[in-house]
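Q: structure of the sequence below:
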Amino acid sequence: MTDRTARCTCGQLQIRCPQEPAKVSLCHCLDCQRRTGSPFGIAAFFDAAAIEISGSFQTYQRDSDSGFPVTFHFCGTCGSTVFWYPSRKSAAVAVAVGCFGDPSFPAPTQSVYGENRHGWVAVPA
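A: Numbering: from 1, shown residues only. Below is the predicted model of the structure:
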């Protein structure tokens, strides 16, 4: 079993994930684009009961396209969004894949909101 820790830019907020992700999702929605400052966001979904969080965070809640709120947790010092809880999947926590800082992290298994994909972004098969 793999044990990975994601952290914010300054390292103050961390989330330890002692298992493989259930799913890795590449999202092209406009909200993820704005949240990340990138043309997409990538989230790894884990069992929320198995993770460990250390450090302090602030939260921001918004509705998703499905109508279910999502609560984002970010570092109040550096502003990095590290993880979020999608209420539609109450047993899951989503973690920003970039916060793991691991180029060998598993690739996305799905791509969503492709209608908002920037034309120059190539999606893995």
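Q: which residue is nearest the centroid of this structure?
A: Central residue of the chain (CA atoms, centre = their mean): Ala96, 2.9 Å from the mean position.
Q: hmm, that residue is touching Cys8, no?
A: No: counting by CB atoms under 8 Å, Ala96 stays clear of Cys8, with 9.4 Å between them. Quick note: C-beta positions are derived from backbone N, CA and C, even for glycine.
Q: who touches both of those two?
A: Ser80, Val82 (CB atoms under 8 Å, 6 or more residues apart in numbering).
Q: find the nearest non-adjacent residue to Gln61, please.
A: Thr71 (4.7 Å; CB to CB, 6 or more residues apart in numbering).
Q: hey, what's the residue nearest to the centre of the chain bridged with?
A: Ala43 (DSSP bridges).
Q: for it, give me its contacts.
A: By CB under 8 Å, 6+ apart, the contact set of Ala96 is Ala6, Thr36, Gly41, Ile42, Ala43, Ser80, Thr81, Val82, Phe83.
Q: which of those residues are buried?
A: Neighbour-count burial (16 or more other CB atoms under 10 Å) applied to those gives Ala6, Gly41, Ile42, Ala43, Ser80, Thr81, Val82, Phe83.
Q: any stretches of the protein with poor pLDDT?
A: 1, 124-125 (pLDDT under 70).
Q: and the strands in it?
A: Taking DSSP state E as the criterion, the chain carries its strands at 4-7, 14-17, 23-27, 41-47, 52-54, 58-63, 69-74, 81-86, 92-96, 110-112.
Q: now the contacts of Ala96 in CSV, with distance to Pro108?
A: Formatted as CSV, these follow (distance: CB to CB, whole Å):
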residue, distance to Pro108
Ala6, 16
Thr36, 14
Gly41, 11
Ile42, 6
Ala43, 9
Ser80, 20
Thr81, 18
Val82, 18
Phe83, 17
